[in-house]
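> What would the 3D arrangement of this be:
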Amino acid sequence: MPTSNPTRRLVGVLDVLIRQPRRSFGLTELAKAAGISKGTCFAIAETLVEHGYLVQNAKTRAYRLGPALITAGQAVLGGFVDLRPALGLLTRFSAEFDVTCSVLAVDDDQLVVLERVGNPDPIFGLSQVGARLPFAPPWGAPFVAWWPDSELEAWFGRALSPLSSEQTSALRHALRAGRRLGYIVTRELPPGSPAAEDLHRLRATAGRVDLASLRRLADARLAGAGYYVEDLHPDETYRVNHVAVPVLGAHGEVVVSLLAMLFGRTLTAAALERLGTRMTELARAVAALVARPIAPPSPAAVDATR
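Below is the predicted model:
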């Protein structure tokens, strides 16, 4: 995919400030954080100030985010569910379990992070607001697990590498198990594995699209069993990447999904069950504030349809 270096440098400057929105940066500090020369940073920052995307302190000459971004943010919110009424709930949940809580939506063929509260990602990246991933296996399970089986083919067809019949069968089984539990649990990659290095690279580059790394990561997640936790055994512990639940709208559609990011933390089955149960309660509460919810089906009702 062709890229524009000047555009990358401009986005890099904005990324630095968006990551720490309450801070102001001097020119030298901003240039160093963005990985560009002072001259280039000065030209970018001055242009952004001219158009209101940054403001500059008259005395210190430090830069911070400007009011034009408010207008841009409001325009973006018009295309997605407004999460502002639910931020208090998300913040309290994040503090209760000491986790990062992210909210994802589907935008055409991509997943996009709409909101994030709580602990920062140790290497930031894929959990930052605005980060995107393909809406393709294995990503997006909290959305598609609540779809009818007949509608899953479109998601399977988006896979970055063609899926075998065994892989699609395993995915169907894992999605049914997640729906039965009421939440999706995924395992962290083994430390030191090539796919773990790809994940680290994607996080460290703030989720910028690297199709080769994404494909290798997806292939590793889909190779054999083990990415999705399908049953919780009382005598086992689990090294967890994330736990996810859907927020359902008035007609049973998945409006957004909530993710509790664990970043490889090890939990017992009992702790995972408590976290998952609280997340389903949180999803209902969020739905009551941002959507017209319906109660998700009971496990017994789900089993009866399979």
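> Send me stretch 171-188 as PDB with only the CA atoms.
Provided in PDB are the C-alpha atoms of stretch 171-188 (Å, rounded to 0.1, in the frame of the first residue of the first chain):
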ATOM      1  CA  LEU A 171     -14.800 -20.800  14.600                       C
ATOM      2  CA  ARG A 172     -18.500 -21.700  14.600                       C
ATOM      3  CA  HIS A 173     -18.000 -23.900  17.600                       C
ATOM      4  CA  ALA A 174     -16.000 -21.200  19.500                       C
ATOM      5  CA  LEU A 175     -18.600 -18.500  18.700                       C
ATOM      6  CA  ARG A 176     -21.400 -20.800  19.900                       C
ATOM      7  CA  ALA A 177     -19.500 -21.400  23.100                       C
ATOM      8  CA  GLY A 178     -19.000 -17.700  23.700                       C
ATOM      9  CA  ARG A 179     -22.600 -17.000  23.200                       C
ATOM     10  CA  ARG A 180     -23.500 -19.800  25.600                       C
ATOM     11  CA  LEU A 181     -21.200 -18.300  28.200                       C
ATOM     12  CA  GLY A 182     -22.500 -14.800  27.500                       C
ATOM     13  CA  TYR A 183     -19.000 -13.400  26.800                       C
ATOM     14  CA  ILE A 184     -16.000 -14.000  24.700                       C
ATOM     15  CA  VAL A 185     -12.600 -14.900  26.300                       C
ATOM     16  CA  THR A 186      -9.400 -15.000  24.300                       C
ATOM     17  CA  ARG A 187      -5.900 -16.300  25.300                       C
ATOM     18  CA  GLU A 188      -2.700 -14.300  25.100                       C
END
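> for Arg278, phi and psi?
phi -70, psi -30 (degrees, to the nearest 10).
> how many neighbours does it have?
Close neighbours of Arg278, defined as other CB atoms under 10 Å, add up to 17. The C-beta positions use only the backbone N, C-alpha and C, and glycine is treated the same way.
> what do you get for Gly264?
Neighbour tally, Gly264, other CB under 10 Å: 15.
> Is the spatially closest residue to Ala285 that is not a sequence neighbour within a helix or a strand, and which one?
Nearest non-adjacent residue to Ala285, counting by CB to CB, 6 or more residues apart in numbering: Leu89, 5.5 Å away. Per DSSP states H and E, Leu89 falls inside helix 87-97.
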